[in-house]
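Student: Model the structure of this input:
(chains A and B)
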Amino acid sequence: MLSALLLFAAVLGVILFLASRVRGKRSDTMIGWLYLLPVVLLLAVGLVYPGLRTVYDSFFDAQGVSFIGADNYKAIFTDGDLLSVLGNTVVWVLIVPLAATAIGLVYAILVDKSRFESFAKALVFLPMAISMVAAGVIWKFMYEYRPDQATVKQIGLINQIIVWLGGEPVQLLITDTLKLNTLLLIVVFIWIQAGFAMTILSAAIKAIPDEIVEAARLDGVNPWQMFVRITLPSVRTSVVVVLTTLAIGTLKVFDVVRTMTGGNFRTSVIANEFYSQLIRADNQGLAAALAVVLFVLVIPIIVYNIRQVRQEA
Amino acid sequence: MTVTPLTTTPDVTPVQLSAAAVAKKRLSSPWASLAAIVIAVLWTLPTFGLLLSSFRPELAIKRTGWWTFFTDPEVTLDNYRAVFDSETGISLGTYFVNSLMICIPSVLIPLSLAALAAYAFAWVNFRGKNILFIAVFALQIVPLQVTLIPLLTIFGKVGIAGTFWPLWLAHTTFALPLAIYLLHNFMREIPSGLIEAARVDGAGHVAIFFKVMLPLLAPALAAFGIFQFLWVWNDLLVALVFAGGGDAVAPITLQLANITGTRGTAWHLLASGTFVSIIVPVTVFLLLQRYFVRGLLAGSVKG
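Tutor: Prediction:
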């Protein structure tokens, strides 16, 4: 660690030393490029080249040796298992942003200006600070299953509730009927992300001018009208930003699936399949193609997000 | 807000109410409070259950639910001892240190590089600046996954695979586009009069950067630094790809994921291990919540 920091400090030192020596008419150009030199180098080698290279790799076979055209892409869109991966990703992206945003918005409104506001917010916000691996373990415990026996009781809360209600315990993370296990993983991600939605939307709500609220009150609007006509339109941009940001995050979800099911029992999603193909199946070409698909899916959402932010600014 | 209520009816509260508060208040308050409490409990219970379990004896965890603790309380620190013990093969201490080793340079290096670059973009006039800025901005759309395979090859060829270097370099690179963009936006808002005054006093770009910019930039740097720290500390994907082979550099998230895979039923170890891995990010979060939130609101969302 020390070596990295020392090397880095040396690089910075040289740049700043050179920058302080530059004199003359073109000094601004020299300094500008000098300041940007390490960044440009890192980005070129660490992002631009690898990105292009992955697109190129995606047209090659498992070992990256022979050119196979679009076969990897064909596999993604025709192979049964991979189609289920795509289907799961669609389910994730449809549910998570909407649910997390809705919960975040409702909660932000409910605790707004209450006496325990900051404490209440911290409770919902906390899952964001912990790793998705830890979140995965926490929820795996919630979903834990025990066969019904006299000596061993349920240790997972969800199955205990099922038993209390008179039902049979269910192997929750293995059952893929009606995509149950995928939905249960989605719950975990919503649990992690709702705090983000709440924070952004709460700030937007607080930014609504008091005059508008007061005027609406004097007009005698009911709470529902207040929500639909004042609150919601005022925070519209923030809602769009939250929805799109969550959608991008959801497309790339990996840790939760990997920790909780490893993508087994038909729960895999694109980002997890990428890792499985790369490391476990040793299929570099297919992994690259999956990464490219992910990239293509993310682009329109990000563009839309940026446009919304720009319009607001 | 200085506008006084226009009506004199006593139901007008002296406290200014926001739209949300009005909506809530009229939404038959008891139900609204109940809904808030239900959400808060649902959000806290899963973590609480595992935390409580981490202090229960192994046999108790495996045979009864954590809620029985309230009727039959038993407390032990054995689980925490076990995850640090080398005999169990978990030795979380080592991985904990690895996480710190990965995090510190992965936060400091991109932060300083981004500050320097953002300054150049914001306050130095040079040819090609706008195009370059747009290029850096656009790189935010590149998802991590797209870069991993070629980077793995590059790190192998350079001969640094299996060391901390791939992790430092990868985390640094991935952080740069967003960090530069946010710090640039922040710097642009600093009044140009300040910089011109420094110019008149004979300060060059180095002096302006250190004496004018850095002090003003402290809150933004703190916000982004915390965010980057939490992101790196909680990362699994980069760690799996670049440190998956060697325990010598694997972070605590990776080891926790491994225990989950290999000892998925050893709940006494999983519970305590999870909370050891959570201690640092949660402490950072609780102490520096304000900056964390500010970073979020500045749009510093990475994924």
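Student: was I right about B:Ala248 contacting B:Gly162?
Tutor: Yes. If you go by Cβ atoms under 8 Å, B:Ala248 and B:Gly162 touch, sitting 7.4 Å apart. Quick note: C-beta positions are derived from backbone N, CA and C, even for glycine.
Student: In the chain, which helix is the longest?
Tutor: Defaulting to chain A. helix A:80-111 (DSSP state H).
Student: nope, chain B please
Tutor: Ranking each helix of chain B by length (DSSP H) puts helix B:92-123 first.
Student: Now do the contacts for residue 144.
Tutor: You didn't pick a chain, so chain A it is. Counting by Cβ atoms under 8 Å, 6 or more residues apart in numbering or on different chains, A:Glu144 touches A:Gln154, A:Ile155, A:Gly156, A:Asn159, B:Trp267.
Student: not quite, I wanted chain B
Tutor: Contacts of B:Leu144 (Cβ under 8 Å, 6+ apart): A:Lys252, B:Phe174, B:Leu237, B:Val238.
Student: Give me the neighbour count for the last one.
Tutor: In terms of burial, B:Val238 registers 23 neighbours under the definition other Cβ atoms under 10 Å in any protein chain shown.
Student: How much space separates it from B:Val276?
Tutor: As for B:Val238, its distance to B:Val276 is 21 Å (criterion: Cβ to Cβ, to the nearest Å).
Student: Does anything pack onto the longest helix of chain B? Which helices or strands?
Tutor: helix A:2-21, helix A:27-43, helix B:78-84, helix B:129-138, helix B:165-188, helix B:214-234, helix B:252-262, helix B:267-287 (3 or more Cβ pairs under 8 Å, 6 or more residues apart in numbering or on different chains; DSSP states H and E).
Student: on that earlier part again, may I see the contacts of A:Glu144 organised as JSON lines, with distance to B:Val75 added?
Tutor: Shown next, in JSON lines, are those (distance: Cβ to Cβ, whole Å):
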{"residue": "A:Gln154", "distance to B:Val75": "22"}
{"residue": "A:Ile155", "distance to B:Val75": "17"}
{"residue": "A:Gly156", "distance to B:Val75": "21"}
{"residue": "A:Asn159", "distance to B:Val75": "25"}
{"residue": "B:Trp267", "distance to B:Val75": "16"}
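Student: Show me which of the residues you listed is closest to B:Trp66.
Tutor: A:Ile155 (7.3 Å; Cβ to Cβ).
Student: quick one: the helix or strand containing A:Ile299 to chain centroid distance?
Tutor: Element membership for A:Ile299, per DSSP states H and E: helix A:284-312. The chain centre lies 13 Å from the centre of helix A:284-312; the measure is Cα atoms, centre = their mean, to the nearest Å.
Student: buried set for it?
Tutor: A:284-295, A:297-298, A:301-302, A:305-306, A:308 (16 or more other Cβ atoms under 10 Å in any protein chain shown).
Student: thinking again about what came up before, out of the helices and strands packed on helix B:92-123, nearest to B:Ile154?
Tutor: helix B:165-188 (8.9 Å).
Student: what's the following helix or strand after the closest one?
Tutor: According to DSSP H and E, the helix or strand after helix B:165-188 is helix B:192-200.
Student: got a list of contacts for that next one?
Tutor: Against helix B:192-200 from outside (Cβ under 8 Å, 6+ apart): B:Trp123, B:Ala207, B:Ile208, B:Lys211, B:Val212.
Student: can you count the residues close to the first one?
Tutor: Using other Cβ under 10 Å, B:Trp123 has 20 neighbouring residues.
Student: and A:Phe67, backbone torsions?
Tutor: phi -70, psi 130 (degrees, to the nearest 10).
Student: go on, A:Asn264?
Tutor: phi -80, psi 180.
Student: okay, now it: neighbour count?
Tutor: 14.
Student: Spatially central residue (nearest the centroid) of the chain, please.
Tutor: No chain was given, so I picked chain A. A:Gly249 (2.0 Å; Cα atoms, centre = their mean).
Student: should've been chain B
Tutor: With distances taken as Cα atoms, centre = their mean, the residue of chain B nearest its centroid is B:Leu230 (2.5 Å).
Student: out of the helices and strands packed on helix B:92-123, nearest to A:Pro169?
Tutor: helix B:267-287 (16.2 Å).
Student: Tell me the helices and strands packed up against that closest one.
Tutor: Counting contacts by 3+ Cβ pairs under 8 Å, 6+ apart, helix B:267-287 packs against helix A:132-143, helix B:29-54, helix B:58-63, helix B:78-84, helix B:92-123, helix B:214-234, helix B:252-262.
Student: what separates the helix or strand following that helix from the chain centre, distance-wise?
Tutor: For helix B:267-287, the succeeding helix or strand toward the C-terminus, using DSSP H and E, is helix B:289-297. Remark: helix B:289-297 is offset 10 Å from the chain centroid, using Cα atoms, centre = their mean.
Student: Compute the inter-axis angle for helix B:289-297 and helix B:165-188.
Tutor: 80 degrees (axes from the mean of the first three to the mean of the last three Cα atoms, to 10 degrees).
Student: Indicate whether helix B:289-297 makes contact with chain A.
Tutor: Yes. Applying Cβ under 8 Å from any Cβ of the partner chain, one finds helix B:289-297 touching chain A at B:Gln289, B:Phe292, B:Val293, B:Leu296, B:Leu297.
Student: buried subset of the residues you listed?
Tutor: B:Gln289, B:Phe292, B:Val293, B:Leu296.
Student: From B:Leu296, how far off is the first one?
Tutor: Distance check for B:Gln289 against B:Leu296: by Cβ to Cβ, it reads 10 Å.
Student: Name the spans of the chain whose pLDDT lies under the cut-off.
Tutor: Picking chain A for this. Residue ranges of chain A with pLDDT under 70: A:312-313.
Student: should've been chain B
Tutor: B:1-17, B:21-28, B:299-303.
Student: tell me, what's touching B:Ala248 and B:Gly162 both at once?
Tutor: Contacts common to B:Ala248 and B:Gly162, judged by Cβ under 8 Å, 6+ apart, are absent.
Student: The two: which is more packed in?
Tutor: B:Gly162 (15 against 11).
Student: so which strand or helix has that one?
Tutor: For B:Gly162, there is no helix or strand it lies in under DSSP H and E.
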